[in-house]
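Undergrad: Pasting the sequence and the predicted model now:
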Amino acid sequence: MRSKYLKIDYPCDYCGKTFSRSKNKIERSKHRFCSLDCRYLFDREDPFTYFLCRIKSRSRRHGIDCTIGISDLYDIWTGRCSLTGEKILIYDSFRKNHILSNGSIDRINSNEGYHSSNIQWVIKNVNIMKSNLSQRDFIKICNQVSNYKGDAL
């Protein structure tokens with residue numbers, strides 16, 4: 001028998017029940033669930049878990065240091081964008097295992113990793129515009145645009 005078809009027992013990340021899966025399938029997954037119901041409930045129980053999973057996945061993919069946990073996301077949550085003051089909405093979509101939101105976690109200093117002192121909640125459009133800029137440079141550019149084109153609105 002080849003090793004990739006070897007079945008191994010794993011605990012479910014949601015309910016804790018032990019289940020068997022092939023080693024190959026589990027190694028490709030970031031979470032381990034015994035059923036689709038557990039996967040669905042895992043995302044629904046705490047929407048911040050959804051954000052944390054995406055951050056950890058992105059940081060692994062891009063080699064970015066990530067030391068935050070779910071409590072760090074709650075600690076900085078105000079319900080508003082840190083840069084614009086706009087209300088951040090988080091709600092379930094009609095598709096399973098998907099959370100819709102206009103919110104996003106931004107690294108204040110894009111040269112550093114995801115650490116509790118380097119993250120903030122912002123709206124997605126702000127995070128897209130900020131891209132890899134430091135917060136200071138981003139605000140400086142926003143001020144320049146506003147001063148130059150402010151009367152055009």
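TA: Thanks, I have it.

Undergrad: show me the contacts for the closest residue to residue 112 other than its chain neighbours.
TA: Nearest residue to residue 112, sequence neighbours excluded (C-beta to C-beta, 6 or more residues apart in numbering): residue 118, at 5.0 Å. Every C-beta, even on glycine, is put in place using the N, C-alpha and C of the backbone. Contacts for residue 118 (C-beta atoms under 8 Å, 6 or more residues apart in numbering) come out as 107-109, 112.

Undergrad: Name the member of these that has the highest neighbour count.
TA: Among those, residue 107 has the most neighbours (other C-beta atoms under 10 Å), with 22 neighbours.

Undergrad: which residues touch that one?
TA: Residue 107 neighbours (C-beta under 8 Å, 6+ apart): 113-114, 118-119.

Undergrad: Now, the residues you listed that are in strands?
TA: residue 119 (DSSP state E).

Undergrad: Format the contacts of residue 107 as TSV; extra columns: distance to residue 149 and pLDDT.
TA: Shown next, in TSV, are the contacts of residue 107 (distance: C-beta to C-beta, whole Å; pLDDT from 0 to 100):
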residue	distance to residue 149	pLDDT
113	35	95
114	33	96
118	31	96
119	30	97
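
Undergrad: how about residue 104, what does it touch?
TA: 121-124, 126-127.

Undergrad: Return the distance of it relative to residue 75.
TA: Using C-beta to C-beta, to the nearest Å, residue 104 is found at 17 Å from residue 75.
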